[in-house]
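In: Here is my input, please return the structure:
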Amino acid sequence: MSVGPHRVRPVADTELTTLLGVLNSKREHVLGILEGLDEEALRRPVLPSGWTCLGLVHHLALDDEKFWFRAVAAGEQAVIEEILGSGENAWQPAPEKTAEEVFALYREEAELADTFLAGADLEAAPSWWPDFFGNWRLDNLREVILHVITETATHAGHLDAVRELIDGRQRLVLT
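Out: Next up, the predicted model:
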């Protein structure tokens, strides 16, 4: 199964270009470490917590790319309403949703995020902030991007460990 790389479009701002370059490399890491796994392996829980590789990619698509960039940063009202009204567990993609569909969703949400971010101001405050975070808050788009980079990098590391448990494959080994 081919998950394919995602490419970010260049933008004029050097800091934004750097941030998006780092985010893009983490997105590619997530997709790259899963390259070659079949549907069964992608849906098999490996750790006691029970999440699956496919569930983690689905989570990144909905809870990170879509939530942080389209809802919080851009304030897309339809996305906010969907998030607030949805009882969906992003960690559990519907059984009828294929791995290709989950990977396509992740790539699509990343592209939609990139489209918004290409012209965004790093100093801009989030357009929407959910009540369920209490007093915790990210103050600007820069912090939102850094948060998503951290989330994506953390989960890429989880996928590295799980992939090694599944079939021994290691993404990057320095000798």
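
In: quick check, distance from the helix or strand bottoming out on mean pLDDT in the chain to the centre of its chain.
Out: Taking mean pLDDT, DSSP states H and E as the measure, the chain has helix 77-85 as its least confident helix or strand, at a mean of 93. Relative to its chain's centre, helix 77-85 lies at 18 Å (Cα atoms, centre = their mean, to the nearest Å).

In: again, but for stretch 114-129
Out: Remark: stretch 114-129 is offset 17 Å from the chain centroid, using Cα atoms, centre = their mean.

In: Just the buried positions in that stretch, please.
Out: Within stretch 114-129, the residues scored as buried using 16 or more other Cβ atoms under 10 Å are 114, 117-118, 120, 126. From N, CA and C alone the C-beta is placed, and that goes for glycine too.

In: And that stretch, end to end?
Out: Distance between the two ends of stretch 114-129: 20 Å, counting by Cα to Cα, to the nearest Å.

In: Need the residues that contact that stretch.
Out: Residues from elsewhere that reach stretch 114-129 (Cβ atoms under 8 Å, 6 or more residues apart in numbering): 8-9, 11, 13, 15-16, 19-20, 69-75, 80, 137-142, 144-145.

In: Narrow these to those that are buried.
Out: If we count by 16+ other Cβ under 10 Å, the contacts of stretch 114-129 have these buried: 8, 11, 16, 19-20, 69-74, 80, 138, 141-142, 144-145.

In: Identify, from the buried residues of stretch 114-129, the entry nearest to Lys26.
Out: Asp114 (13.4 Å; Cβ to Cβ).

In: and the closest one, what element?
Out: For Asp114, the element it lies in under DSSP states H and E is helix 99-118.

In: Look at the residue lying closest to Glu88 once chain neighbours are set aside and say how many residues are nearby.
Out: Closest residue to Glu88 apart from its sequence neighbours, by Cβ to Cβ, 6 or more residues apart in numbering: Leu62 at 7.6 Å. Neighbourhood size, Leu62 [other Cβ atoms under 10 Å]: 22.

In: which ones are touching Leu62?
Out: Leu62 sits next to 88, 90, 105, 109 when contact means Cβ under 8 Å, 6+ apart.

In: Could you export the buried residues of stretch 114-129 as TSV, including distance to Leu54?
Out: Converted to TSV, the buried residues of stretch 114-129 look like this (distance: Cβ to Cβ, whole Å):
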residue	distance to Leu54
Asp114	23
Leu117	26
Ala118	29
Ala120	30
Pro126	29
